[in-house]
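**Student:** give me a model of this one.
(one chain, ligands or ions: 3)
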Amino acid sequence: MKRIDWNRLDDAARRAALARPAQSRSPALREGVETIIADVRARGDEALRELTARYDHATLDALAVTDEEFAEAEARLSPELKAAVREAAGRIDRFHRAAAPTAVSIETAPGVRVERVLRPIRRVGLYVPAGGAPLPSTAIMLGVPAAIAGCREVVLCTPLQANGRCDDAVLFAARATGVHKVFKLGGAQAIAAMAYGTESVPRCDKLFGPGNSWVTEAKLQVSGDPEGAAIDMPAGPSEVLVIADANANPRFIAADLLSQAEHGPDSQVLLVTPSDALLDEVEAEVERQRRELPRADVAAAALGESRLVRVSDLEQALDVSNRYAPEHLIIQTADPRALLDGVAAAGSVFLGEWTPESLGDYCSGSNHVLPTYGYARSYSGVSVASFQTQVTVQEATAEGLRTIGPCAATLAAAEQLDAHRRAVTLRLDAMGVSA
Ligand SMILES: NC(=O)c1ccc[n+]([C@@H]2O[C@H](COP(=O)([O-])OP(=O)(O)OC[C@H]3O[C@@H](n4cnc5c(N)ncnc54)[C@H](O)[C@@H]3O)[C@@H](O)[C@H]2O)c1
Ligand SMILES: N[C@H](CO)Cc1c[nH]c[nH+]1
Ligand SMILES: [Zn+2]
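**Tutor:** Ligands and ions are numbered 1, 2, ... in the order given. Reported below is the predicted structural model:
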């Protein structure tokens, strides 16, 4: 990890210190994904079979997972894992229901009622990565809010494993959360299929979920096409920033940093603290713990692009964090909640030494599909609202029009939009009111 003394840097050096690893959006990737999307659009299922053979080295007969395959997957799972999926889904359901938007109906003037009604997005497509490590937790994080929102058709794509099957736990989590159909598809071809539809895969209005650079590039391309599909957010590699004071536990901090570093070589982790001693201890501890991990090499690559930042106090630590806008922010200080009001930009916050980031990844109840790469400045994580549209409604009585009509007529006249003005004034005339 690179050591940085924040107060010795000028503004340009500070910006460079907080830069993310470069994202690969190479021309080759762009063109490769364009070709895959065009192929799926032109040849549908036939293209999906060929692309799966090429990139997943598997033969696809039926694209959709059958009831028999769901049952076999469930039978292979341990009771402990099934119970953990159900337990996590239960808490995620509880929090997401409580945090869901509500309908609004108020009178803004006598005789003028304005409402907000909520509608589920009809067809949504979920992507659950499984190229490296299959992520059943991501199926839960997407399936639960889709079900609460009431989406009529919830489709999920996840790639085939080396054994020629989709991951058992992903299939179980999909069923447990009410996903309607699962397709054995991965990569850019899965995104193309859900965005444009094929003989087997229904065309979806909005796509959700993380994935590798092929998946992410495909999501960006289909979201830029009016005939394609909307997407949840621009997602990138996982990241975490830890703010800690001198008394924080270096073993806990090292474990939290490594939990995100093990996601991928392009993940990034930062520790920001006023304590030089803590920086030393965490650096040594990270190296000690890393060597014990099965994914030690992946973590090592991520740590190469990671930072240990020395600041003068916790207020400056918050400033660094807000500039970086991390996907995950962990605060391990004597009074972590005291810093919460100062958090301006973060995907999800973890307060205190007993709240490892892993709880949010799996089962505290919050969502782990969060904005990365600084997008936490302006985007939020996935929630029930992500699966809904909000429609506003207004209804005026004659009294209401008499009350607020002149205001509209004056503003329309100022904008020289006479048809707008007349739509109001001719009604007022009809009532015998001069505007
Ligand atoms: N930000 C988040 O919320 C979050 C959460 C979990 C995982 N992630 C990220 O998701 C990613 C998961 O990636 P993954 O690879 O394990 O799984 P994946 O399912 O995203 O990708 C696997 C698919 O990629 C396609 N593919 C592989 N090589 C290809 C090639 N050369 N050309 C075209 N297509 C190719 C294959 O069809 C395969 O099915 C990681 O980068 C991880 O960091 C992000
Ligand atoms: N930390 C990831 C989001 O950045 C989500 C995840 C899934 N499984 C484990 N972690
Ligand atoms: Zn994680």
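**Student:** show me the helices in the stretch 101-250 of the chain, by range?
**Tutor:** 136-149, 168-176, 187-196, 213-223, 250-261 (DSSP state H, counting those that start in this stretch).
**Student:** give me whichever of the ones you listed is most buried.
**Tutor:** The highest mean neighbour count among those, using mean count of other C-beta atoms under 10 Å, belongs to helix 187-196: a mean of 29. Yep, even glycine has a C-beta here, placed from its N, CA and C like the rest.
**Student:** do that helix and ligand 1 meet?
**Tutor:** Yes - Helix 187-196 is in contact with ligand 1 by C-beta under 6 Å from any ligand atom, via 187, 188.
**Student:** how about whatever residue of the stretch 1-150 of the chain ends up closest to ligand 1, what does it touch?
**Tutor:** Using C-beta to the nearest ligand atom, the closest approach of the stretch 1-150 of the chain to ligand 1 is made by residue 131 at 2.7 Å. Going by C-beta atoms under 8 Å, 6 or more residues apart in numbering, residue 131 touches 159, 186, 187, 212.
**Student:** do the same with residue 50
**Tutor:** residue 39.
**Student:** and with 10 Å instead?
**Tutor:** 39, 43, 60, 189 (C-beta atoms under 10 Å, 6 or more residues apart in numbering).
**Student:** repeat for residue 42
**Tutor:** So residue 42 contacts residue 196 (C-beta under 10 Å, 6+ apart).
**Student:** state the pLDDT value of it.
**Tutor:** pLDDT recorded at residue 42 is 98.
**Student:** doesn't it belong to a strand?
**Tutor:** No - looking at residue 42 with DSSP: H, G, I helix; E, B strand; the rest coil, it is helix, so not inside a strand.
**Student:** quick one on the thing from earlier: show me which of the contacts of residue 50 is closest to ligand 2.
**Tutor:** residue 189 (22.7 Å).
**Student:** burial of the residue nearest to the closest one when sequence neighbours are not counted, as a residue count?
**Tutor:** The shortest distance from residue 189 to any non-neighbouring residue, by C-beta to C-beta, 6 or more residues apart in numbering, is to residue 51 (4.3 Å). Neighbour count for residue 51, taken as other C-beta atoms under 10 Å: 24.
**Student:** please apply the same query to the one 5 residues further on.
**Tutor:** Taking other C-beta under 10 Å as the criterion, the count of residues near residue 56 is 21.
**Student:** who's in contact with it?
**Tutor:** Residue 56 neighbours (C-beta under 10 Å, 6+ apart): 130, 131, 159, 160, 161, 162, 164, 184, 185, 186, 187, 189.
**Student:** follow-up on the earlier one: verify the contact between the residue nearest to residue 189 and residue 60 for me.
**Tutor:** Yes - counting by C-beta atoms under 10 Å, residue 51 touches residue 60, with 9.4 Å between them.
**Student:** overlap in contacts of these two?
**Tutor:** With C-beta under 10 Å, 6+ apart, residue 51 and residue 60 have common neighbours residue 185.
**Student:** near ligand 1 at all, stretch 212-223?
**Tutor:** Yes - for stretch 212-223, a contact with ligand 1 is found by C-beta under 6 Å from any ligand atom, at 212, 214, 215.
**Student:** oh, that last question was meant for stretch 297-317, not what I typed.
**Tutor:** No - judged by C-beta under 6 Å from any ligand atom, stretch 297-317 and ligand 1 are separated, with a smallest distance of 9.5 Å.
**Student:** and that stretch, how far apart are its ends?
**Tutor:** In stretch 297-317, first residue to last residue: 29 Å (C-alpha to C-alpha, to the nearest Å).
**Student:** who in this protein is up against ligand 2?
**Tutor:** Counting by C-beta under 6 Å from any ligand atom, the residues of the chain close to ligand 2 are 135, 137, 138, 238, 327, 361, 368.
**Student:** buried residues, whatever helix or strand the residue nearest to residue 189 lives in. List them.
**Tutor:** Here residue 51, judged by DSSP states H and E, is contained in helix 27-55. Residues 29, 32-33, 36-37, 39-41, 44-45, 47-49, 51-52, 55 are the ones in helix 27-55 that count as buried (16 or more other C-beta atoms under 10 Å).
**Student:** sorry, back to before: for the residue nearest to residue 189, list the residues it contacts.
**Tutor:** Residues counted as contacts of residue 51 (C-beta under 10 Å, 6+ apart) are 35-36, 39-40, 43, 60, 185-190, 192-193.
**Student:** closest to ligand 2 among those residues?
**Tutor:** Using C-beta to the nearest ligand atom, the contacts of residue 51 come closest to ligand 2 at residue 186, 16.5 Å.
**Student:** tell me the phi and psi of the closest one?
**Tutor:** phi -130, psi 180 (degrees, to the nearest 10).
**Student:** now, the most widely separated pair of the buried residues of helix 27-55?
**Tutor:** Pairwise distances across these (C-beta to C-beta) peak at 24.7 Å, for the pair 29 and 45.
**Student:** I'd like the distance between the residue of the stretch 151-300 of the chain found nearest ligand 1 and residue 160.
**Tutor:** Here the stretch 151-300 of the chain gets closest to ligand 1 at one residue, residue 186, 2.3 Å apart by C-beta to the nearest ligand atom. Distance, residue 186 to residue 160, using C-beta to C-beta, to the nearest Å: 7 Å.
**Student:** who has more neighbours, the two?
**Tutor:** residue 186 (28 against 19).
**Student:** for that one, what are its contacts?
**Tutor:** Going by C-beta under 10 Å, 6+ apart, the list of residues near residue 186 reads 51-52, 55-56, 58, 127-131, 157-161, 166, 211-212, 214-215.
**Student:** so of the residues you listed, which ones are in strands?
**Tutor:** Secondary structure from DSSP state E places 127, 157 of those in strands.
**Student:** give me the common contacts of residue 186 and residue 160.
**Tutor:** With C-beta under 10 Å, 6+ apart as the test, residue 186 and residue 160 both reach 52, 56, 58, 130, 166.
**Student:** so residue 225 touches residue 219, yeah?
**Tutor:** No - look at residue 225 against residue 219 with C-beta under 10 Å: they stay out of range, at 11.2 Å.
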